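K.L.:
Got a predicted structure here, sequence first:
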Amino acid sequence: MRAVVYTGEGRVEVDTVPDPGVEEPTDVVVRVRRAAVCGTDLHVVAHPTGLPEGFVLGHEFVGEVVDLGAGVHGHRRGGLVVGADFTSCGRCWWCRRGDHWECAERQFFGTGSAFGPALPGAQAELVRVPHADTVLQAVPDGVDVDAAVFLGDTLATGYAAVQRAAIRPGDTVAVIGGGPVGQLTSLAAQACGAGIVVLVEPVDARRELAAAQGAVVATPDDARALVDRLTDRRGADAVIDAIGGPRGLQTGFALVRRRGTVVSVGVHTDPGWELPVARAFADELTLTFAIGDLARDAGPLLALVRSGAVDPTVVASETVPLDAVPEAYARMAGRRTLKTLIAIQ
Ligand SMILES: [Zn+2]
Ligand SMILES: [Zn+2]
């Protein structure tokens with residue numbers, strides 16, 4: 001089959017690799033119709049961890065079941081499915097709680113060994129999916145493949161952040177960062193009852209997209225003054241950091257009100273950060289983190305998309321064939337595009 005593979009630090013190519021097959025009774029093989037390129041893909045290619053040359057990349061995918069093991073009961077050949085970006089067993093203590101990310105069977109598709117044993121990815125004609133009854137969700141009629149491909153990671157992450165923020169109807173929610181996750185966090189917050197969503201982003205085009213999709217927008221320099229005006233100087237009820245690192249946390253603490261919540265879904269690689277603990281105590285702040293989980297949240301995620309309450313395709317900049325993916329990685333890395341979808345077959 002044809003697949004996007006890692007070929008050394010900072011480089012990807014399209015190559016012919018062996019077809020995957022069913023290896024365990026709980027496996028499904030999916031013929032991929034839509035995949036997507038994620039900021040995580042750009043990161044693992046630039047900073048690889050346990051990523052061998054020739055390894056198939058990608059973790060966001062929708063496609064048809066073409067083969068399945070005898071232990072798979074929830075899927076049939078020909079069914080259209082969307083995959084979570086990581087695997088989980090569905091049976092352990094964590095999985096039964098709905099905390100699939102904590103499962104000992106976790107493998108993250110197409111990223112090397114940073115988040116569990118390496119598992120070949122989905123920017124390919126075929127992908128092998130372990131624990132398919134938990135990892136794959138059927139895509140119902142009325143949900144297009146271009147929308148469904150966002151359910152496994154980008155929208156799942158935004159939704160998990162909104163749930164973690166426990167927003168109440170009418171709350172003022174600040175979202176830091178107008179990348180794909182920040183944009184879909186804004187849409188999820190609006191759909192889940194936020195009054196005003198303030199999206200904080202330095203890039204003009206990303207602010208314009210967020211404004212067209214119902215957010216009030218601000219540059220990082222203007223954000224506190226805007227939030228003050230909207231909240232009688234209290235600060236945002238919840239702040240969702242979609243950029244990560246110390247900057248995301250600092251901005252979050254700068255915008256949140258007393259007894260408010262900061263949720264971080266941006267990636268953190270720094271070992272530490274100086275928590276403003278005196279203020280956090282005096283103001284009874286909550287700081288929490290969240291990771292998207294399709295296996296847990298498929299019901300509400302599919303309902304949001306199927307009903308039209310959230311249209312995740314607004315962040316798709318382009319759709320390219322598999323052979324054009326290496327150039328699309330470069331455009332995304334250069335911030336010339338926001339999100340690339342890959343049409344296969
Ligand atoms: Zn992703
Ligand atoms: Zn488990």
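P.N.:
Yep, it's here. Ligands and ions are numbered 1, 2, ... in the order given.
K.L.:
Please make it C-alpha for all contacts and neighbour counts, starting now.
P.N.:
OK.
K.L.:
Write out the residues of this protein neighbouring ligand 2.
P.N.:
Remark: the part of the chain in contact with ligand 2 comprises Ser88, Cys89, Gly90, Cys92, Cys95, Cys103, using CA under 5 Å from the ion.
K.L.:
residue boundaries of the helices in the stretch 101-250 of the chain?
P.N.:
Taking DSSP state H, counting those that start in this stretch as the criterion, the stretch 101-250 of the chain contains helices spanning 132-135, 145-148, 154-165, 180-191, 204-212, 223-230, 245-255.
K.L.:
okay, now the residue lying closest to Gly142 once chain neighbours are set aside: neighbour count?
P.N.:
The shortest distance from Gly142 to any non-neighbouring residue, by CA to CA, 6 or more residues apart in numbering, is to Arg306 (6.0 Å). For Arg306, the neighbour count with other CA atoms under 10 Å is 19.
K.L.:
and Thr7, what does it touch?
P.N.:
Contact analysis of Thr7 by CA atoms under 8 Å, 6 or more residues apart in numbering lists Glu13, Glu53, Gly54, Phe55.
K.L.:
From the residues you listed, pick the one nearest Ala330.
P.N.:
Glu13 (11.6 Å; CA to CA).
K.L.:
Confirm that closest one sits in a strand?
P.N.:
Yes. Assessed with DSSP: H, G, I helix; E, B strand; the rest coil, Glu13 lies in a strand.
K.L.:
Show me what it bridges to in the sheet.
P.N.:
Val5 (DSSP bridges).
K.L.:
now Val56
P.N.:
With DSSP bridges as the rule, Val56 is bridged to Val5.
K.L.:
Quick check on the residue nearest to Gly142: phi, psi?
P.N.:
Dihedral pair for Arg306: phi -60, psi -40, per degrees, to the nearest 10.
K.L.:
Which residue does the stretch 201-345 of the chain have closest to ligand 2?
P.N.:
Distances between the stretch 201-345 of the chain and ligand 2 by CA to the ion are smallest at Ala295, namely 10.9 Å.
K.L.:
Check the secondary structure at that residue for me.
P.N.:
At Ala295 the chain is in helix, as set by three-state DSSP.
K.L.:
so what's it up against?
P.N.:
Counting by CA under 8 Å, 6+ apart, Ala295 has contacts Ala84, Gly98, His100, Thr134, Val135, Leu136, Gln137.
K.L.:
mind giving me a markdown table with the residues of the chain next to ligand 2 and columns for pLDDT?
P.N.:
Compiled in a markdown table, these are given as follows (pLDDT from 0 to 100):
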| residue | pLDDT |
| --- | --- |
| Ser88 | 98 |
| Cys89 | 98 |
| Gly90 | 98 |
| Cys92 | 98 |
| Cys95 | 98 |
| Cys103 | 98 |
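K.L.:
Helices - which of the residues you listed land there?
P.N.:
Counting by DSSP state H, these place Cys95 in helices.
K.L.:
wait, which of the residues of the chain next to ligand 2 is closest to Val173?
P.N.:
Cys95 (29.8 Å).
K.L.:
Thought Thr87 was touching the closest one, still the case?
P.N.:
No. With contact defined as CA atoms under 8 Å, Cys95 does not count as touching Thr87 (10.7 Å).
K.L.:
sorry, back to before: buried deepest among the helices of the stretch 101-250 of the chain, which one?
P.N.:
Most buried of these, by mean neighbour count (mean count of other CA atoms under 10 Å): helix 180-191, with a mean of 27.
K.L.:
That one relative to helix 204-212, how many degrees between them?
P.N.:
Going by axes from the mean of the first three to the mean of the last three CA atoms, to 10 degrees, helix 180-191 is angled at 20 degrees with respect to helix 204-212.
K.L.:
Off-centre distance for helix 180-191?
P.N.:
Counting by CA atoms, centre = their mean, to the nearest Å, helix 180-191 is centred 11 Å from the centre of its parent chain.
K.L.:
packing partners for that helix?
P.N.:
On a contact count with 3 or more CA pairs under 8 Å, 6 or more residues apart in numbering; DSSP states H and E, helix 180-191 meets helix 154-165, strand 172-176, strand 196-200.
K.L.:
got these as TSV, with mean pLDDT columns?
P.N.:
What follows is those, written out as TSV (pLDDT from 0 to 100):
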stretch	mean pLDDT
helix 154-165	98
strand 172-176	98
strand 196-200	98
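K.L.:
so can I have CSV of those showing distance to Gly63?
P.N.:
Below are those laid out as CSV (distance: least, CA to CA, whole Å):
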stretch, distance to Gly63
helix 154-165, 17
strand 172-176, 31
strand 196-200, 33
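K.L.:
how about these, which one is nearest Ala236?
P.N.:
In terms of CA to CA, the element of the helices and strands packed on helix 180-191 nearest to Ala236 is strand 172-176, at 5.3 Å.
K.L.:
The closest one vs strand 196-200, what angle?
P.N.:
Going by the same axes, to 10 degrees, strand 172-176 makes 20 degrees with strand 196-200.
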